[in-house]
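>>> Make a model of this:
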Amino acid sequence: MLSAPAGYGKTTALRQWAATLDRPVAWVALDSTDDDAAQLARHVGRVVQRATGMRNGDIEDAGDLMSMIRDVGRPAVLVLDDLKEVRAGESLRLIRAIVQGAGPMLRIAAATRTRPTLGLARLLAEGRCTELSQEDLAFTDDETRQVLIAAGHDAQPRVVREVTLRTEGWPAGVYLAGLLARQDAGDGRIGAAATIAGDDVYVADYFRDEVLARESPETVRFLLRTSVLDEMSGPLCDAALGRTGSAVRLAEAERRNLFVRSQAPPGQWYRYHRLFAEMLRSELRRREPEEEVRLHQRAASWYERAGRVDEAITHALAGQDKRLAARLINSRAREFAADGRRTTVHGWLRSLDDEALLAYPPTAVTGGWLWALSGDAARAQSYLRVAQAATFSDPMPDGSESLRSATLLLGAALAPLGVDRMLADAEQAAALELPGGPWRPLALAVLGSARVLTGDRQQAVEELTLAVDLGRRHQRFSAALGSAQLALLALEEADPAAEAQARESLALIDQGGLRCEVVAMMTHAVCAWTAARRGDQMAARLHVGAAQRLGADPSPVAFAWFGAQVAVALGRVALELGDPVAARLRVDEARQHLSHLLTEGTLRAQVEDLSDRLAREGGRARLPSAMALTAAEVRVLQLLPTHLSLGEIADELHVSRNTVKTQVAATYRKLDADTRTAAVERGRDLGLLEA
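Numbers count the residues shown, from 1 in each chain. Now for the predicted structure:
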């Protein structure tokens, strides 16, 4: 039994197989006239007699046929092609009798789109039946390549793989991809075959003629409307369509091979063939342009009730339900970012416009933090402006006291208007975030940092110490920042307490799983400085390497005050270690950060002090060291452990190949390495690469 949708080459496969046999083949091409059982009996009887040479007299009815079938005295094959054409109950019962009652000499092969009820389960259990499905008939990469070559296409491996994936090995689809490629060859589109889609004219016409034209209007409507779902279940389709009975329809569509495949668990979830779904969606937009949005909105609500927020987000966005999409994204964004799925979160956030953010302002705050921590200062400040313009009277989902307090805290951290405004915003945020609230430790840590930058050291120590105490258990991000700032103050005053503060910040980073977060840059900077002070050069260089690694991607550019502080601290470490080239690079970095601040507080004086120290103490270095690597060179170094070529690294970093070549040469020189492997090993030794 070959059972598969249209275009899977069932008849072709049977003919190729039959040509290899050393026995007669009785080929019955069924059609609608065979719905008459007597006609079917005569049709099959004549073909079997002709093929086997039997002379049993005229076949008038089913009884005559069955008598002949049982008496076939030599090995033979009966092919029943296009079983889908037989629908009448009496004719189907006759075919079932043929299948189950044939004598030992007669092998039967059948091809059909719709899997008939012929008692195959028992035959399969008894080992008397082999069933081939669309998975067995689908083309492999090699078969796809042969078809594309036969169509005159330059079948590059990448194109072949993409065509196989997009068509899911559907033979007719592969053939149509070849036709499309030939059609586009004049335009120089080498990979045209790989772009085959369900709304391409050849593909859409095939599906309309071979599938939709044969179905009832109600079935076509069901197919069109459920095509907006990437996966389907009875309850989901019922909710999206506003009806019942979808589970039965899905099971029937699979049985009838309407390009529907069962997913795990079998019988509960289904999906359409990719190209078929694309065609259906295109047809839905043509026939019912307003319906797609409503279907997505109902699907989003169902997925939310089912607790499947990711899918709910996808449908809310497609259904243009901006408030729901923004609310759902906000509920998952921080969790996903913490799990390393920032790319997914960024994709969601990019899909939201200002109108969506204004509809649910907490997402503007969340997005502002995530863009900032990802090194995208422009987007972070754009989200901040939206949050500042919004109103929101409901409780904040993140536990902030209000939208205003959350916005003030984000504004203080980003400090787009400089250090003075940072202090004012931080003071208000700390006043609004009441004791016991989850965001009070961070508000105090940012306020303490603002005090440091405006020269109020005594008040800074009090607020930073409180931030550490409050955040030590449940807000380690805030506590780690507070401890690092306290260590920085102590280092500037040569206070021995710096060592303990730096160690605590590092412990908090480890306990909080914050090793890859921007905040850890300052922790490693103060740890490097304390190590250099006690003469432990190796530990100092390891911490510098870790800070450089963290500052390469993402960059701290969104927090210009923070980036400047870290650059100054690393510059002081470089001087302690006798590396003026690295110190000079840190001065340049600090000045670049200062250029983004309208008011600079004490930062300008710190940068100029470092520059003066460099002029007095710097001397000349024989060779630049690893501490003198730029952020761009560190980014290149991080890709050297991969198998990417220099050209591919350039594509990854969106720069030219010559730029990458220059950066690699500089990296080798600063790491004192002469090969890619040596550079990677040296980078790992110095903390510039994750071990």
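>>> Help me confirm that Val79 comes into contact with Leu30.
No. Under the criterion of CB atoms under 8 Å, Val79 lies out of contact with Leu30, with a separation of 10.0 Å. Just so you know, the C-beta spots here come from the backbone N, C-alpha and C atoms, and that holds for glycine as well.
>>> which residues of this protein fall in strands?
For the chain, the strands defined by DSSP state E cover 2-3, 25-29, 76-81, 106-112, 232-233, 260-263, 269-272.
>>> Nearest to Gln320, out of those?
Shortest separation from Gln320 across the strands of the chain is recorded for strand 232-233, at 21.6 Å, computed as CB to CB.
>>> Centre of the chain to the closest one, how far?
For strand 232-233, the distance from its own C-alpha centre to the chain's C-alpha centre is 22 Å (CA atoms, centre = their mean, to the nearest Å).
>>> re the thing from before, can you tell me which of the strands of the chain is most buried?
Neighbour counts (mean count of other CB atoms under 10 Å) averaged over each of these peak at strand 2-3, with a mean of 24.
>>> Packing partners of that strand?
Packed against strand 2-3 by the contact rule (3 or more CB pairs under 8 Å, 6 or more residues apart in numbering; DSSP states H and E) you find helix 10-18, strand 106-112.
>>> What is the first one packed up against?
Same thing as helix 10-18. Secondary structure elements in contact with helix 10-18, counted by 3+ CB pairs under 8 Å, 6+ apart, are strand 2-3, strand 76-81, strand 106-112.
>>> can you put those strands in JSON lines and add mean pLDDT?
JSON lines is the format used below for the helices and strands packed on helix 10-18 (pLDDT from 0 to 100):
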{"stretch": "strand 2-3", "mean pLDDT": "92"}
{"stretch": "strand 76-81", "mean pLDDT": "94"}
{"stretch": "strand 106-112", "mean pLDDT": "92"}
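>>> Columns distance to Thr344 on top of those, output as CSV?
Converted to CSV, these look like this (distance: least, CB to CB, whole Å):
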stretch, distance to Thr344
strand 2-3, 38
strand 76-81, 48
strand 106-112, 42
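>>> closest one to Glu254 among these?
Here strand 2-3 is closest among these (CB to CB), at 10.9 Å.
>>> Tell me how far that closest one lies from the chain's centre.
35 Å.
>>> now do stretch 223-239
Distance, stretch centre to chain centre, for stretch 223-239: 22 Å (CA atoms, centre = their mean).
>>> Dump that stretch to PDB, restricted to CA.
As requested, C-alpha coordinates have been extracted for stretch 223-239 and formatted as PDB (Å, rounded to 0.1, in the frame of the first residue of the first chain):
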ATOM      1  CA  LEU A 223      -8.200  24.300   5.700                       C
ATOM      2  CA  LEU A 224      -7.900  28.000   4.900                       C
ATOM      3  CA  ARG A 225      -8.700  29.300   8.300                       C
ATOM      4  CA  THR A 226      -6.600  26.800  10.300                       C
ATOM      5  CA  SER A 227      -3.600  27.500   8.100                       C
ATOM      6  CA  VAL A 228      -2.700  30.500  10.200                       C
ATOM      7  CA  LEU A 229      -1.700  28.000  13.000                       C
ATOM      8  CA  ASP A 230       1.800  26.600  12.900                       C
ATOM      9  CA  GLU A 231       0.400  23.600  14.800                       C
ATOM     10  CA  MET A 232      -3.100  22.500  15.300                       C
ATOM     11  CA  SER A 233      -5.100  20.600  17.900                       C
ATOM     12  CA  GLY A 234      -8.900  20.100  18.200                       C
ATOM     13  CA  PRO A 235      -9.300  22.500  21.100                       C
ATOM     14  CA  LEU A 236      -7.100  25.200  19.500                       C
ATOM     15  CA  CYS A 237      -8.900  25.000  16.200                       C
ATOM     16  CA  ASP A 238     -12.300  25.100  17.900                       C
ATOM     17  CA  ALA A 239     -11.200  28.300  19.800                       C
END
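>>> what does that stretch contact?
Contacts made with stretch 223-239 from outside it, assessed by CB atoms under 8 Å, 6 or more residues apart in numbering, are listed as 212, 215, 240-241, 244-250, 253, 258, 263, 268-272, 277, 280-281, 283-284, 287-288, 291-292, 295-296, 298-299, 301-303, 311, 314, 318.
>>> just stretch 647-664 next, same as before
With contacts defined as CB under 8 Å, 6+ apart, stretch 647-664 is touched by Thr630, Ala632, Glu633, Arg635, Val636, Leu639, Leu640, Thr642, Leu644, Leu646.
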